[in-house]
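Peer 1: coords below, sequence missing:
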C-alpha cells in the first residue's frame with residue numbers, strides 16, 4: 001500500500017493566516033492526510049472536558065488575601081485570653097527561630113564565599129538576640145514577631 005499526503009491550503013481561512021489542523025482519514029489508496037482550518041470541526045471532535053470555550057465555564061479562582069486581611073484573620077484566631085495567646089505565640093516564635101538557626105548553622109559550615117558566611121553569622125546573631133529578648137517583650141511586639149517569623153508577613 002502506498003501512503004499519499006495531500007495538503008489542502010487553498011481555502012480562504014488558510015490564506016487569512018489561520019493555522020492548519022491535520023486530520024488523518026483512511027482511504028482506498030492508504031492513509032490520506034488532509035489539512036482543515038475549521039476550528040469548530042476540530043473542537044466538535046474533542047471530548048467534553050477539553051472543548052470548553054472561553055466564557056462558557058465560570059470557574060471561580062481562589063482569591064488571594066491581602067496581607068492586612070491575613071493579619072486580621074490570624075489575630076482573630078488567637079486564644080481570647082492574653083496569657084494563653086502570649087504563651088502560644090512565644091512557643092511558635094521560639095520554635096520557628098530555633099529551626100531557622102539550625103538551618104543557618106548548617107549553611108555556615110560550607111559557604112561559597114566569605115561574604116555569605118558574614119551574612120549567615122549576622123542572621124544567627126540577630127535570631128539569638130531576638131530569642132534572648134523574647135522573655136521580656138510586650139504583647140504588641142510579640143504579635144509583630146509572631147506575624148513576621150511564623151507567618152512570614154511583613155508588618
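Peer 2: Arrived safely. None of these values were measured; they are calculated from a predicted model. Residues are numbered from 1 along each chain as shown.
Peer 1: hey, let's count contacts and neighbours off CA atoms from now on
Peer 2: Fine.
Peer 1: Residue 124 - how many residues pack around it?
Peer 2: 20 (other Cα atoms under 10 Å).
Peer 1: What of residue 119?
Peer 2: Counted with other Cα under 10 Å, the neighbours of residue 119 add up to 13.
Peer 1: Now residue 147. Nearest residue, chain neighbours left out?
Peer 2: Spatially, and ignoring its direct neighbours in sequence, residue 147 is nearest to residue 153 (5.5 Å; Cα to Cα, 6 or more residues apart in numbering).
Peer 1: OK, contacts around the one you found?
Peer 2: Counting by Cα atoms under 8 Å, 6 or more residues apart in numbering, residue 153 touches 67, 71, 147.
Peer 1: Roughly how far does residue 155 sit from residue 145?
Peer 2: According to Cα to Cα, to the nearest Å, residue 155 and residue 145 sit 9 Å apart.
Peer 1: go on, residue 84?
Peer 2: Here the criterion is Cα to Cα. By it, residue 84 lies 16 Å from residue 145.
Peer 1: Those two: which is more packed in?
Peer 2: Here residue 84 and residue 145 are set side by side on neighbour count (other Cα under 10 Å), and the busier one is residue 145, at 23 against 12.
Peer 1: Closest to residue 107 out of the contacts of residue 153?
Peer 2: Nearest to residue 107 out of the contacts of residue 153 is residue 147 (Cα to Cα; 24.8 Å).
Peer 1: I'd assumed that closest one was in a helix, is it?
Peer 2: Yes. Assessed by DSSP: H, G, I helix; E, B strand; the rest coil, residue 147 belongs to a helix.
Peer 1: Sounds good, over and out.
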